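Enquirer: Model the following, please.
(chains A and B, ligands or ions: 1)
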Amino acid sequence: MKHAQAAAEFIADPERAHWHDQALWFVRAKRDKAAQAVPEWEQLRQVASQIKAHTMGQLADYLEQFDARASALGVVVHWARDAGEHNRIVLQILQQHQVRHVVKSKSMLTEECGLNGHLEQHGIEVVDTDLGERIVQLRGEHPSHIVLPAIHIKKAEVGELFHQRLGTDAGATDPKYLTEAARQHLRQEFLRADAGITGVNFAIAETGGFVVCTNEGNADLTASLPKLHIACMGIEKLIPRARDLGVFLRLLARSATGQPITSYSSHFHGPQPGGELHLVLVDNKRSEILASSDFGRALHCIRCGACLNTCPVYRRSGGHSYGATIAGPIGSTLNPSHDPGAYPTLPYACSLCGSCSEVCPVKIDLDHQLFTWRDRLVRQGLVPWWKRVSMRALGLVLRSPNIYRLTGWLTRNVGRHLPRWLLYNRLNVWGRQREIPPLPKKTFAELYAERGPVASRGTQSQGEGSQLDEGRRLGESGAGEADRENRDVQ
Amino acid sequence: MSSKRAILRQIRQNAPPASDLPSLESDWLRFDDPCAQFMEAVEQVGGRAIRVRDLAALNTSIASLQVTQDAKKIVSILPDVGRNDVRLSEVDRPHALEDVDVTIAGGELAVAENGAVWVSGAEIEHRAVLFLCQHLILVVSTAAVAHNLHEAYDRLTGLGLVGRNGGADQDELEPHQSGQYQSGQYQSGQYQSGRAIPLAASSYGLFISGPSKTADIEQSLVIGAQGPRTLTVLLVDALNS
Ligand code: SF4
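Expert: Numbering: from 1, shown residues only, chains lettered A, B, ... in the order given. Model (predicted):
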């Protein structure tokens, strides 16, 4: 489905849409506070971005190093070209160990691969143990946010769900009470699990270890009660040195939720005593995306979710409107990289405000990528005919000063007298929620001519310059949008 | 062709231009009083921090905590610290630790900027005991407080503290031999500031910052998700006295 259509369903309930918007803005505000408390924040972002760029330039070498070191620590390393191979590998490991019941901590990669469904088809029960993920799993849904999977669900709905599935009191909505019920329920699941599956936040080439970050502690229970631990990661999760973690862990939680670090940052270097540890490295198109000088940097993403929280479109349309595992600005560039034909409307789910790029802890040029995607989609003929025709018409108008003037004159003198039914008909999507603003009596060119030659070029450009400096200063102090506006003005 | 070879070949073909790996040396965030900052950070992330003078004061303080007074079953991984009701070496499966009320463990490092304590799994027979317990108590030396996470990783990776971080004696800078941190040997000095701790030598180690928490239901913070409901960090000035 097109993003705009799916979003229309979401905003059909304005109260919920407003609540969703506010909840995410609250998280964004916490992020700002946390980032501003670190004096070297911009330096950290810069260093993180450089580490990622360097790693991608030598990814094959680092993966080989990681494979060798991890194997030496007793980890069984597997390589999967795509989602299907990943799912087959995991299933095979589980079947070899006669596993019936698996607990899982959060992993967007296994979501991307559709692992749960695959295992369930083969008679293996999978229980997601992150509270938010458990909620969406019990509802038969997918996460709507990469860090806050159940951000779209209200506590009354969780209460109803838990009442039906976990036997909590009817009508109970207290988050504390509901979380306690989930704790008791999940504890039993941990205790009866035969195997645990976790994601990976960072994998360290120089040591062969990897790091998993959670607030609930569910990854650690997943990886320490059952003897069998399977960790699944995309190949882009690699970092060269253990010391690089100092940079990334300082950025990750602050960007995600405004915490200085997650409650648990667990480092795994080999299996637990008497246990088995498997690690599945998944490509699934990443090695293709790497080649793109326009979109390859999207692989630097550390999945903090900050770009989702800040995005005016995401906040008002909900994660499910993107129709993909990863929503928000990062999803809008990554998903078309996976399959442009399947996600041609996502790069348009963007106001080009640029706020995402300003908050991204690894400085991915998200707004530029989305803009570039639009160009690409038009060239590939993946936009609807009416958009192509109207853009061509606009091109014609903007190319010729005479047609431009004529169009302006017609709009001002004829357009405003047109009947409403003609102006606000079904074809005018823009006019659905908006009124055409009152049109000025005179054009800019007319006003400029009236002022005469008084305003000399020199003073004008000086004025622009100081405005730009102002913008830069604002940008540095974190008011990203002001900075961006200035860039657009340029 | 194996998947590994196919993937690596494709990555090599598609590799973006090479660029340098940046240096991690910088004047990262430091504090006038890292211990005070650490204690404040622990409180901010929902934990409780208490500073005591020595081992005797530590034991008094632990015994006076409500969580230990109410506890039926306590596991202390530190010899001579607190009460210990379970011999972990005699426990077959970690599942048997399901009813542990309080776990007392040692931290090797503390980080002032974020209230995190580094706990190495090397000394813990069943690491699940850190998560199955209802309440967690961590003991760490004031000498082991690092200003920021970079400094913490420098120590964890055996880079030592030459010049930059202060407080370390020359003889503490030598990277320690692997195996030196076997269980029960914690008193031999691994709490000392500046002791290099090689990260990869233990199959498990983690930063713990505050108790287990979640905000997955309508962004309301709830303490006590799947792991410990409370975290108490005891900072000890003279641990080895
Ligand atoms: S693109 Fe950047 S801001 Fe968005 S989730 Fe990834 S790392 Fe975070």
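
Enquirer: From here on, just use CA atoms for contacts and neighbour counts.
Expert: Noted.

Enquirer: Contact residues of chain A facing the ligand?
Expert: Within reach of the ligand by CA under 6 Å from any ligand atom, chain A has these residues: A:301-307, A:330, A:359-362, A:364.

Enquirer: Try it again at 5 Å.
Expert: Contact residues, chain A versus the ligand (CA under 5 Å from any ligand atom): A:301, A:302, A:303, A:304, A:305, A:306, A:307, A:330, A:360.

Enquirer: now these in TSV, with secondary structure, neighbour count and distance to chain B?
Expert: Converted to TSV, the residues of chain A next to the ligand look like this (DSSP: H, G, I helix; E, B strand; the rest coil; neighbours: other CA atoms under 10 Å in any protein chain shown; distance: CA to the nearest CA, whole Å):
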residue	secondary structure	neighbour count	distance to chain B
A:301	coil	19	16
A:302	coil	18	18
A:303	coil	19	17
A:304	coil	20	15
A:305	coil	27	14
A:306	helix	32	15
A:307	helix	27	18
A:330	helix	26	20
A:360	coil	27	19
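
Enquirer: what's the closest of the residues you listed to residue A:159?
Expert: residue A:305 (25.9 Å; CA to CA).

Enquirer: What confidence value was assigned to that closest one?
Expert: Residue A:305 is assigned 97 on the pLDDT scale.

Enquirer: so it sits right up against residue A:256, yeah?
Expert: Yes - using CA atoms under 8 Å, residue A:305 is in contact with residue A:256, at 5.6 Å.

Enquirer: which residues are in contact with both of these two?
Expert: residue A:147 (CA atoms under 8 Å, 6 or more residues apart in numbering or on different chains).

Enquirer: list the contacts for residue A:374?
Expert: A:347, A:348.

Enquirer: quick one, strands of chain A?
Expert: A:76-80, A:101-104, A:125-128, A:195-198, A:202-204, A:209-214, A:228-234, A:238-239, A:264-268, A:276-282 (DSSP state E).

Enquirer: tell me the contacts of residue B:218?
Expert: A:23, A:151, A:153, A:154, A:155, A:175.

Enquirer: Make JSON lines from those residues and add neighbour count, distance to chain B and pLDDT to it.
Expert: Shown next, in JSON lines, are these (neighbours: other CA atoms under 10 Å in any protein chain shown; distance: CA to the nearest CA, whole Å; pLDDT from 0 to 100):
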{"residue": "A:23", "neighbour count": "17", "distance to chain B": "7", "pLDDT": "96"}
{"residue": "A:151", "neighbour count": "23", "distance to chain B": "7", "pLDDT": "96"}
{"residue": "A:153", "neighbour count": "18", "distance to chain B": "7", "pLDDT": "96"}
{"residue": "A:154", "neighbour count": "16", "distance to chain B": "6", "pLDDT": "96"}
{"residue": "A:155", "neighbour count": "20", "distance to chain B": "6", "pLDDT": "96"}
{"residue": "A:175", "neighbour count": "22", "distance to chain B": "6", "pLDDT": "97"}
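
Enquirer: what comes up buried for the longest strand out of those in chain B?
Expert: For chain B, the longest strand by residue count, based on DSSP E, is strand B:230-238. Under the neighbour-count criterion of 16 or more other CA atoms under 10 Å in any protein chain shown, strand B:230-238 has B:230, B:231, B:232, B:233, B:234, B:235, B:236, B:237 buried.

Enquirer: thinking the fourth one is in contact with residue B:142, fair?
Expert: No - with contacts counted by CA under 8 Å, residue B:233 stays clear of residue B:142, the gap being 11.1 Å.

Enquirer: Chain A - how does it break down into domains?
Expert: Following automatic domain parsing, one finds the domains of chain A at A:38-284, A:402-451.

Enquirer: so of those domains, which one's packed in deepest?
Expert: domain A:38-284 (a mean of 21; mean count of other CA atoms under 10 Å in any protein chain shown).

Enquirer: What is the distance between that domain and the centre of its chain?
Expert: 16 Å (CA atoms, centre = their mean, to the nearest Å).

Enquirer: What does the pLDDT read for the residue in the stretch 101-250 of chain A positioned nearest to the ligand?
Expert: Nearest residue of the stretch 101-250 of chain A to the ligand, counting by CA to the nearest ligand atom: residue A:146, 7.7 Å away. pLDDT recorded at residue A:146 is 97.

Enquirer: Now do the helices in the stretch 251-400 of chain A.
Expert: In the stretch 251-400 of chain A, the helices defined using DSSP state H, counting those that start in this stretch lie at A:286-289, A:306-310, A:312-317, A:328-338, A:355-359, A:366-379, A:385-399.

Enquirer: ok, of the ones you listed, where does mean pLDDT dip lowest?
Expert: Least confident of the helices of the stretch 251-400 of chain A, judged by mean pLDDT, is helix A:385-399 with a mean of 89.

Enquirer: can I assume residue A:107 is in contact with residue A:199?
Expert: Yes - at 4.3 Å, residue A:107 and residue A:199 qualify as touching, with contact defined as CA under 8 Å.

Enquirer: list residues touching both of the two?
Expert: Counting by CA under 8 Å, 6+ apart, the residues touching both residue A:107 and residue A:199 are residue A:232.

Enquirer: Which residue is the nearest non-sequential neighbour of the spatially most central residue of chain B?
Expert: Closest to where the C-alpha atoms of chain B average out (CA atoms, centre = their mean) is residue B:118, at 1.9 Å. Excluding the flanking residues, the one nearest residue B:118 by CA to CA, 6 or more residues apart in numbering or on different chains is residue B:207, at 4.4 Å.

Enquirer: As a check, name the ranges of all helices in chain B.
Expert: Listed in chain order, the helices of chain B (DSSP state H) span B:3-14, B:34-44, B:55-64, B:66-70, B:129-132, B:149-156.

Enquirer: tell me, how many neighbours does residue 9 end up with?
Expert: Just going to use chain A. Residue A:9: 12 surrounding residues under other CA atoms under 10 Å in any protein chain shown.

Enquirer: hmm, I had chain B in mind actually
Expert: 14.

Enquirer: What ranges does chain B have for its strands?
Expert: Using DSSP E, strands in chain B cover B:48-54, B:74-76, B:102-106, B:109-111, B:116-120, B:135-141, B:145-146, B:204-208, B:213-214, B:222-223, B:230-238.

Enquirer: For the second one, give the mean pLDDT please.
Expert: Okay, so that is strand B:74-76. Rounded mean pLDDT across strand B:74-76 is 97.

Enquirer: ok, residues contacting it?
Expert: Against strand B:74-76 from outside (CA under 8 Å, 6+ apart): B:68, B:82-87, B:100-105.

Enquirer: What residues does residue B:148 make contact with?
Expert: B:28, B:29, B:30, B:111, B:112, B:113, B:114.

Enquirer: mind giving me a markdown table with those residues and columns for pLDDT and neighbour count?
Expert: As requested, the contacts of residue B:148 are arranged in a markdown table below (pLDDT from 0 to 100; neighbours: other CA atoms under 10 Å in any protein chain shown):
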| residue | pLDDT | neighbour count |
| --- | --- | --- |
| B:28 | 97 | 16 |
| B:29 | 96 | 15 |
| B:30 | 97 | 15 |
| B:111 | 98 | 27 |
| B:112 | 98 | 27 |
| B:113 | 97 | 25 |
| B:114 | 98 | 27 |
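
Enquirer: Which one of those residues is nearest to the ligand?
Expert: residue B:114 (20.0 Å).

Enquirer: how about the nearest residue to the closest one, chain neighbours excluded?
Expert: Of all residues not flanking residue B:114 in the chain, residue A:260 sits nearest, at 5.2 Å (CA to CA, 6+ apart).

Enquirer: No further queries at this time; thank you.
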